[in-house]
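> here is my input, please return the structure:
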Amino acid sequence: MKGKARGFLCGILILLSGLFSYHTQGIALLPEKQFVTVGEPLKLDFPVTLEKTIRAQISGNEANLNLKGGSKPNSVDRLSSLVSSEPGQFKVRLSLFGVIPVRDMLINVVPQVKVIPGGQSIGVLTQSQGVEVAGLCAVLDHFGSFVNPAADSGIKEGDIILTIEGKEVRSESQIRDYAARAGASGKPLAVEVKRGSETFAVKVNPVYSAENMCFQLGLLIKDSAAGIGTLTFYEPVSMVYGALGHLITETDTVRPVEMSNGKIVSANVQGIHKGKRGTPGEKIGIFLGDQQLNGTVARNTKLGIFGRLQMPVEGYGNSAPLPVASIGQIHEGYAEMLTVLKDDQVERFEIEIVKINLQAKNDGKGLIIKVTDQRLLDQAGGIIQGMSGSPIIQDNMLAGAVTHVFVNDPTRGYGVPAEWMIWEAEIIPSAVNALAC
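Numbers count the residues shown, from 1 in each chain. This is a model prediction of the structure:
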């Protein structure tokens, strides 16, 4: 008899365990943190099958919460009618049958956030000045001896080369050109070097390499140019910007690039390599310097790079601020993207938001988009490298940014919701973030 009782009890426990697991898997798909604007109903993508068994308990600025029907919600089907009349925070605790807590959600009610949409092409530099010396290498001269002119002049690994002959350098190719010209003329190069907080000048005599048949300085250089991308937005009061919509990584190791000393500058698109199936296209551009656009890089994250602009940027149209769409306001269907295909001209192109996936925050791929604009398809083949960060506009709001292209279908790609970038940029008013739950 006891054995039967134990078996029955085990069966009940297994049944409850399976039920609990089913519910928790569905609830785990919900975001832990979400923001809505004042007066906007809370919208949750909640599995319909769970509505009758999950209860919601609200805590926080309850005095400011309004609910259709006049009472507080205790079931998730009524939670979507929740509206806050003032900024603040409140917590929603979801529980199974109102007994077993399974999920806490933090809802931030914020004033309407407005930003200037971007679309401008930007050059991303890992160093705000110069290029980094990644290493030193000996040069085999015509006497058969190994020498290192850079090391002989006092240059060390980790130094930053700021200028050569008074001209700022950004790439290894520039240094090769300087070495070739100086070597041919038999003159040393005037090199300005930064080491820590110290800046000093040295003279380096290029040596002709018997192996490579060119003049060399004995330097291994880490280029400061990380590539061309697109500015997504900037907030006109704080001048905080967001761009790219994805992480910048090292090509060979896929590790995040250190960007604490980085900057962004203006870039000009000189040509387009059209994308096709299996071969991503790209923008061919040049860096114009910091006369038109200049910003620091404070953070390099999975949702983009963020920092501050040093001056306002002339944008598309009248550059009027647009509200940032919350997750609940983005919908499938027609949208537009802003990007540059020639020179520095920001243009608007038609796209379609095909799918919204709120569980893809870890890789920033919360939107799937499709290019429908025939002119963009004809000129670029769809989404190409250099478009990362291009703003997505829907219903006259900033909905997101283009991030990646589908390699086997350049007409399709991923996007990151603007809400995620706004949180990552930390431009939500600090007073709202500081409110207690």
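> now Thr296: how far from Ala243?
12 Å (Cβ to Cβ, to the nearest Å). From N, CA and C alone the C-beta is placed, and that goes for glycine too.
> out of the two, which sits in the busier spot?
When Thr296 and Ala243 are compared for neighbours, Ala243 comes out ahead with 27 against 17, by other Cβ atoms under 10 Å.
> surely that one meets Arg308?
No - Ala243 lies out of contact with Arg308 (Cβ atoms under 8 Å); the separation is 11.9 Å.
> which residues in the stretch 201-350 of the chain form helices?
Assigned by DSSP state H, counting those that start in this stretch, the stretch 201-350 of the chain shows no helices.
> which parts of it are strands?
207-209, 214-216, 219-222, 225-234, 240-243, 263-273, 282-296, 299-301, 304-308, 322-323, 333-340, 346-356 (DSSP state E, counting those that start in this stretch).
> can you tell me the strand partners of the fifth one and which way each runs?
Sheet neighbours of strand 240-243, with direction, are listed as strand 225-234 (antiparallel), strand 304-308 (antiparallel) (DSSP bridges).
> which among these is found nearest to Asp344?
strand 225-234 (11.4 Å; Cβ to Cβ).
> next one: that closest one to chain centre, how far?
9 Å (Cα atoms, centre = their mean, to the nearest Å).
> residue contacts, Asn300?
Leu247, Ile248, Pro256, Val257, Glu258, Met259, Gly262 (Cβ atoms under 8 Å, 6 or more residues apart in numbering).
> list buried members of these by neighbour count.
Using 16 or more other Cβ atoms under 10 Å as the burial test, the contacts of Asn300 include Leu247, Ile248, Val257, Met259, Gly262 as buried.
> Ala190: which of these is nearest?
Using Cβ to Cβ, the buried ones among the contacts of Asn300 come closest to Ala190 at Gly262, 26.3 Å.
> now that closest one, what are its backbone angles?
phi -80, psi 170 (degrees, to the nearest 10).
> who's in contact with it?
Val124, Leu125, Thr126, Gln127, Ser128, Ala226, Thr296, Val297, Asn300, Ile305, Gly307.
> low-confidence ranges in the stretch 301-437 of the chain?
315-318, 429-437 (pLDDT under 70).
> quick one, which of the strands paired with strand 240-243 is nearest to Glu32?
Of these, nearest to Glu32 by Cβ to Cβ is strand 304-308, at 20.3 Å.
> from the chain's centre, how far out does that closest one sit?
On Cα atoms, centre = their mean, the centre of strand 304-308 falls 8 Å from the chain's centre.
> now stretch 255-262
Using Cα atoms, centre = their mean, the offset of stretch 255-262 from its chain centre is 13 Å.
> that one - what's its average pLDDT?
Stretch 255-262 shows a mean pLDDT of 78.
> make residue 1 into 43 and carry on from there
Got it, the first residue is 43 from now on, which makes the last one we talked about stretch 297-304.
> endpoints of that stretch, how far apart?
16 Å (Cα to Cα, to the nearest Å).
> could you do stretch 256-272 as well?
37 Å.
> what about that stretch, distance to the chain center?
That offset, for stretch 256-272, works out to 24 Å (Cα atoms, centre = their mean).
> and for stretch 156-170?
11 Å.
> again, but for stretch 266-283
Counting by Cα atoms, centre = their mean, stretch 266-283 comes out at 10 Å from the chain centroid.
> please identify the helix or strand for Ser215.
Applying DSSP states H and E as the criterion places Ser215 in helix 214-227.
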